[in-house]
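Engineer: Compute the structure for the input listed below.
(4 chains)
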There are 2 protein chains.
Amino acid sequence: MTSTRDRILTATAALFQERGYTGTGLKQISAQSQAPFGSLYHHFPAGKVEIAAETLRTAGVGYQLLFEAIADNEPDIVSGIGAFFAGAAQVLEETDYADACPIATVALEVASTNETLRVVTHDVFELWLASLTSRLANAGLDEVRARELAILAVTALEGAFMLSRAAKNTEAMHVTGRFVVAEIERSLRR
Amino acid sequence: MTSTRDRILTATAALFQERGYTGTGLKQISAQSQAPFGSLYHHFPAGKVEIAAETLRTAGVGYQLLFEAIADNEPDIVSGIGAFFAGAAQVLEETDYADACPIATVALEVASTNETLRVVTHDVFELWLASLTSRLANAGLDEVRARELAILAVTALEGAFMLSRAAKNTEAMHVTGRFVVAEIERSLRR
DNA sequence: GTCTATAGAAGGATAGAC
DNA sequence: GTCTATCCTTCTATAGAC
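Structural biologist: Numbers count the residues shown, from 1 in each chain, chains lettered A, B, ... in the order given. Predicted coordinates for the structure are as follows:
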């Protein structure tokens, strides 16, 4: 029982992953979400930018919940992050390298061209960093170190998505994940 | 004495950094390069994809030369990579976070939508990895470890560009750069 | 050969029928 | 209030004037 509005956001998120913001047309969103074209403007009067902003915020929260679900299934934060990188690699393989980060492509596209959306992508990254920082701090790290490691994890993940998708293999995701895990382990042992 | 062809490639690289592939129009390229619209098709008969492919290859080599120039000015590979991250942060600040990686945005946009350009972005990343791997191997690391560290450096750099541009600050670039430098130092000491 | 003018398709947005 | 048909702009690409 998904609402039209939800279908629009889900379809847009998938299109953003694959084609980015400028590469995604409203007519594509209408087709893929099985929503009549007019419904787009009924639910999002401000048009494409409003759809994009809502999609990014929703997908950003969804991605965080996915991480937390995976992390909560693991004994500690280290294996939680390891499992997340491994899961990302597996999803890439299973979807022919289409299902990656719903924010990344759009973040780079809008950083210098659309201030409204740039702020939304920034907010999503900060949401992730805050969540990860607090988990690392709970594991025993001081706040400063926890945030630094969170930043490393997110930047490394995003860069690994980029190289893995370009290469159509998971080498970068696996290698990068191992480094991040090792670095966090080392910090915790200190 | 820059040729029309060179001006087209330079202008396109700048537009790709700021707006990405689908966000860049041929008319913008024509205007920014001060080349008549017809000249685009004179020099690149296959149109936009050919311009993009040439731009990515040229900018990819240029970026590698920039890294090597910086690295050759430093006493060792560790401070070379440190200087590169620091330089990237400085350029971001000086250009209001517009002048970043000429490949990154396009790489994510085309990964699932244009096989020709996907391969070009992959080739550029592999060029960088090969160069960096050989420098790390020359510094004393075995080939496997050298390639792993090269992958970490490139993924971390690309992710740091993404978060720094979204945030309009250099925190991610500085933090990430320090981790990469520390990791390489540790490997070399072993 | 260099460049302008335009074709044909696709983009976002909107008016108004029902 | 849902949806279709259309508007105007912008896109890539090309034809042909000079």
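Engineer: quick one: contacts of the host helix or strand of A:Ser187?
Structural biologist: In the assignment (DSSP states H and E), A:Ser187 maps to helix A:171-189. Contacts with helix A:171-189, where a contact means Cβ atoms under 8 Å, 6 or more residues apart in numbering or on different chains, come from A:77-78, A:81-82, A:85-86, A:88-89, A:92, A:136, A:139-141, A:145, A:149, A:152-153, A:156-157, A:159-164, B:148, B:151-152, B:155-156, B:179, B:183. (Each C-beta comes from the backbone N, C-alpha and C, glycine too.)
Engineer: Secondary structure element holding the nearest residue to A:Gln34 once chain neighbours are set aside?
Structural biologist: Sequence neighbours aside, A:Arg7 is the residue nearest to A:Gln34 in space, at 6.5 Å (criterion: Cβ to Cβ, 6 or more residues apart in numbering or on different chains). Using DSSP H and E, A:Arg7 sits within helix A:4-19.
Engineer: do the same with A:Val91
Structural biologist: Counting by DSSP H and E, A:Val91 is part of helix A:77-94.
Engineer: In terms of secondary structure, what does that helix contact?
Structural biologist: Packed against helix A:77-94 by the contact rule (3 or more Cβ pairs under 8 Å, 6 or more residues apart in numbering or on different chains; DSSP states H and E) you find helix A:48-72, helix A:115-138, helix A:143-167, helix A:171-189.
Engineer: ok, now with 6 Å
Structural biologist: Secondary structure elements in contact with helix A:77-94, counted by 3 or more Cβ pairs under 6 Å, 6 or more residues apart in numbering or on different chains; DSSP states H and E, are helix A:48-72, helix A:171-189.
Engineer: Contacts for the first one next, please.
Structural biologist: Outside helix A:48-72, the residues that touch it by Cβ atoms under 6 Å, 6 or more residues apart in numbering or on different chains are A:9, A:12-13, A:21, A:26, A:44, A:80, A:83-84, A:102, A:117, A:120, A:124, A:128, A:131.
Engineer: follow-up on the earlier one: only the buried subset of the contacts of helix A:171-189, as a PyMOL command please.
Structural biologist: Selection of buried members from those for PyMOL, criterion 16 or more other Cβ atoms under 10 Å in any protein chain shown:
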select buried, (chain A and resi 77+78+81+82+85+86+88+89+92+136+139+141+145+149+152+153+156+157+159+160+161+162+163+164) or (chain B and resi 148+151+152+155+156+179+183)
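Engineer: Report the contact partners of A:His43.
Structural biologist: When contacts are counted by Cβ under 6 Å, 6+ apart, A:His43 is found next to A:Arg5.
Engineer: run the last query once more with 10 Å
Structural biologist: A:Ser3, A:Thr4, A:Arg5, A:Asp6, A:Ile8, A:Leu9, A:Ala35, A:Glu50, A:Ile51, A:Glu54 (Cβ atoms under 10 Å, 6 or more residues apart in numbering or on different chains).
Engineer: quick revisit: just the angle between the helix holding A:Ser187 and helix A:143-167, please?
Structural biologist: Here the directions of helix A:171-189 and helix A:143-167 differ by 170 degrees (axes from the mean of the first three to the mean of the last three Cα atoms, to 10 degrees).
Engineer: angle of helix A:171-189 against helix B:115-138?
Structural biologist: 50 degrees.
Engineer: Just the C-alphas of helix A:171-189, formatted as CSV.
Structural biologist: Extracted C-alpha coordinates of helix A:171-189, given in CSV (Å, rounded to 0.1, in the frame of the first residue of the first chain):
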residue,chain,number,x,y,z
GLU,A,171,38.4,-4.4,-5.7
ALA,A,172,38.3,-0.8,-4.5
MET,A,173,35.4,-1.5,-2.1
HIS,A,174,37.1,-4.5,-0.5
VAL,A,175,40.5,-2.9,-0.2
THR,A,176,39.2,0.4,1.1
GLY,A,177,36.9,-1.4,3.6
ARG,A,178,39.7,-3.3,5.0
PHE,A,179,41.8,-0.2,5.6
VAL,A,180,38.9,1.6,7.4
VAL,A,181,38.2,-1.4,9.6
ALA,A,182,41.9,-1.8,10.5
GLU,A,183,42.2,1.9,11.3
ILE,A,184,39.2,1.8,13.6
GLU,A,185,40.5,-1.3,15.3
ARG,A,186,43.9,0.3,15.9
SER,A,187,42.3,3.4,17.4
LEU,A,188,40.1,1.3,19.8
ARG,A,189,43.1,-0.7,21.0
